[in-house]
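K.L.:
Kindly generate the corresponding structure for this input.
(3 chains)
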Amino acid sequence: MSSDLTNVFAAKMLPKRELFSPGHRACQGCAPALAMRYMLKALGPDTIICNSTGCIEIISSSYPESAWGVPWIHVAFENSAAVASGVEAGLKAMMRKGRIPQRKITVLAQAGDGGSMDIGLQAISGALERGHDMIYMCYDNEAYMNTGIQRSSGTPWGAATTTSPAGTQSSGQNTWKKSLAEIAVAHHIPYVATACVSYPFDFMEKLKKAAAVNGPALIHVFAPCPTGWRCASDIAIRLGRLAVQTAAFPLYEVVDGKFRITQNVPHLKPLKLYLGPQGRYNHLTDDQIEYLQGELRRRYGLLVAKAEASQE
Amino acid sequence: MGTRKGMEVSIGIAEAVMMADVDVIPAYPITPQTHIVEHLSELVADGHLDAEFVPVESEHSAMSCCCGSVAAGARTFTATSSQGLALMHEILFIASGMRLPMVMAVANRSLSAPISIWNDHGDVMAARDTGWMQIFVENGQEAYDHMMWAFRVSEDHDVLLPIMVNFDGFILSHVVEPIEVWSPEEVKQFLPPYKPPYRLDVDKPWTFGAVGIPDIYLETRMAHNEALIDSQKVMEKAWDEMAEVVGRKYSVLENYKTDDADIVFLTMGGISETCMTAVDQMRDEGKKVGVIRLRMWRPFPFAEVAKELGGRKVVLAVDRALSTGGCGGPVASEIKAALYPLDKRPQVVEFIAGLGGRDVTIGDFKEMYDKGAAVAAGGAVPPYEMVGVRA
Amino acid sequence: MSSLPGWKALPPGCPVQTPLSAANNHTGSWRSERPIWNHEQCVQCGVCDMFCPEACIKQTAEGFYEANLDYCKGCGICKQECPTQCISMKQEEE
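P.N.:
Model prediction:
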């Protein structure tokens, strides 16, 4: 049962228009697909999407059908940020030269965690640094799910994937999840935020802020994948909530370099509640879970300190 | 008539791109292309050109940015060379497959390893089958004229394909030549503003780059191939109209002293000028030799090549690239394919010359001729030769 | 024979010209369970609609919610998230 009562009262305030159509081919209970719904509810029809290769691209654009109700382009895997740079520059030049009418159009590039944190990182860094007026959104399901659940640099410590399996000599992924939002912050751009599908209004508010700023914005949205996380198809939203409540994925925004935690969790829940329902963590011992929880809490403390320092 | 100015060919190319009123220039520096984009950035900085100059962080992103810009409906130009073209490789196929018209100047340079900044055609030959239109120019005027021409052909609604204009790195890119620049009226007459048939448009929210399921992929490849083959007609029409506007007539290939020639050189790009000088000297010695220079490389002009070469005794095919472990030279390979269906075929003697900037001299061409003459006299056709290689 | 166009009829670059046309693809056949709403418990809050990854739950004229079974994949998120636990999942018959 939902513990977030704001949702109960606010659900009907969700914009009605659906610009991401049913009939898409995402797995049952796919949170990234839900993220697409929210993203377009927040940004509306005057939006152009540049999509990297990945789950969302594959499940939404199988010729001759498309799930998209906005103009959408897919070029390749590692380059949606560069493609969006071109779209933004093209629109800007053509509006300035009077070739097309002046109009506010939001350009959004997006990829999964692999397409963002691994193969696409250079193109994202370039686009952010150049200052294009665009949003980059990473929908993070913590592995290369489309190719069959291989580890990425967004896969958390301890998670078993098909290329970071748990075995007698391994406890799954043995590296730390990359902090994409903090990498974006290091580009000194006007807006950076983390978000989670379990907090749709927080997520949509952040998208609107990202669209409103003049310059680049990055949103890192946490989107559980029941198929890849080896869990039941009905718990993606519950897991997203637990990830926030256990500090596995804290929600914050960084406006002009100033950190603010947007979902305060004064009493973090035991990490075990979050890991327990997921098959990818089945192999972890209590000691390992303790270790991981300690590290996540230490980092959450650093984040809280940054947010407090930002208020001074 | 435009005015004639002495300028570095790279600067000339940039000036022509400005005349074409390009909207977006994604650019990344690489020798020997860099002077083009440097000059374009100056033209934008000084307000002579109203365009977005996007200093991307790699050639891969340059080509990706081009795709986005063209898909948005903007006239788009970029330039590259060698490793840069290789880094773009993946996206080259996508630009053409998505039928995104754009112009890319390629200052031809050899590929690593070992690293070499000097000229040959190894870079573009690795991009041969990317589905782009590809031409080779020989001098500054030709390079300048073909910027306007390339936009015109690429953006034609019967074509809608990207085009590479190849010119030799350093030996053409960095030389100063007299170039007759077009007047704004001439540009206006020849090159209309780009009107995309469709674009990323919020009022017409289409999906571009959808997944090509097995039931449609084959048809997309067929349509792409046919469009590339058919682009020759549009190219020829644009050459004809360019001749009417600026008085210079170009064509698929150029003949030089070939009317009575039994033995002809077949070349592409800048070495053709050295070859012509060698031919002049050999003509003085009474040798019936000429040069055919290919301008159009993709689509490959099979009919014209067969027609021009069919009646000769020997073709001396001079390649500037090597198909390593394969047939030798990529141009020679295509020539042989064009000649094979003929009843009476010339012998093709193949040379790989000038790799990595090695000079190809008049003396080299004379030696090639002698080897061809021996074949014409009944000698065996030798295997392809790496011209000037030390044992 | 395929119903898709031949190569001559393809628009260059093969764009999909009909937005939201994925709706032609009825994913309801993937389902092994369907959500059933108990209207006595339902408070018509719309949380089920909000969290549906298929965007296939809609409000009826009476104010209650129902899933469009052409698309519902039976993931069960609506049941899981319903604050009054008014949704149950019913096994599809063979």
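K.L.:
right, and B:Phe300 touches B:Ile335 too?
P.N.:
No: with contact defined as Cβ atoms under 8 Å, B:Phe300 does not reach B:Ile335; the gap is 9.4 Å. Backbone N, C-alpha and C define where each C-beta goes, glycine included.
K.L.:
Which residue of those two possesses the greater neighbour count?
P.N.:
B:Ile335 (25 against 21; other Cβ atoms under 10 Å in any protein chain shown).
K.L.:
Read off the pLDDT value for that one.
P.N.:
Per-residue confidence at B:Ile335 stands at 97 (pLDDT).
K.L.:
Chain neighbours aside, what residue packs nearest to it?
P.N.:
B:Ala317 (5.3 Å; Cβ to Cβ, 6 or more residues apart in numbering or on different chains).
K.L.:
for stretch A:213-229, which positions count as buried?
P.N.:
A:216-229 (16 or more other Cβ atoms under 10 Å in any protein chain shown).
K.L.:
Please save the CA atoms from that stretch in CSV.
P.N.:
In CSV, the C-alpha atoms belonging to stretch A:213-229 read as follows (Å, rounded to 0.1, in the frame of the first residue of the first chain):
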residue,chain,number,x,y,z
VAL,A,213,16.0,27.4,-17.3
ASN,A,214,18.0,29.0,-20.1
GLY,A,215,20.7,26.5,-20.8
PRO,A,216,21.4,22.9,-20.2
ALA,A,217,19.7,20.8,-17.5
LEU,A,218,20.2,17.2,-16.5
ILE,A,219,17.7,14.9,-14.8
HIS,A,220,18.7,11.5,-13.5
VAL,A,221,15.5,9.5,-13.0
PHE,A,222,15.5,6.3,-11.1
ALA,A,223,13.3,3.7,-12.8
PRO,A,224,13.1,0.1,-11.5
CYS,A,225,13.2,-2.8,-13.9
PRO,A,226,11.4,-5.9,-12.6
THR,A,227,12.9,-8.0,-15.4
GLY,A,228,16.4,-7.0,-14.7
TRP,A,229,16.1,-6.8,-11.0
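K.L.:
is any part of it close to chain B?
P.N.:
No: against chain B, stretch A:213-229 shows no contacts by Cβ under 8 Å from any Cβ of the partner chain, the least distance being 13.3 Å.
K.L.:
For whatever residue of the stretch 201-312 of chain A ends up closest to chain C, the count of nearby residues, please.
P.N.:
Nearest to chain C, among the residues of the stretch 201-312 of chain A, is A:Asp234, at 3.2 Å (Cβ to the nearest Cβ). For A:Asp234, the count of nearby residues is 21 (other Cβ under 10 Å).
K.L.:
Likewise for B:Met19?
P.N.:
The burial count for B:Met19: 21, using other Cβ under 10 Å.
K.L.:
now B:Ile117
P.N.:
The burial count for B:Ile117: 17, using other Cβ under 10 Å.
K.L.:
Quick check: it vs chain C, distance?
P.N.:
35 Å (Cβ to the nearest Cβ, to the nearest Å).
K.L.:
who touches the residue nearest to that residue when sequence neighbours are not counted in this structure?
P.N.:
Take B:Ile117 and drop its neighbours on the chain: the residue closest to it by Cβ to Cβ, 6+ apart is B:Thr31, 4.9 Å away. Counting by Cβ atoms under 8 Å, 6 or more residues apart in numbering or on different chains, B:Thr31 makes contact with B:Ser81, B:Arg109, B:Ile117, B:Gly169.
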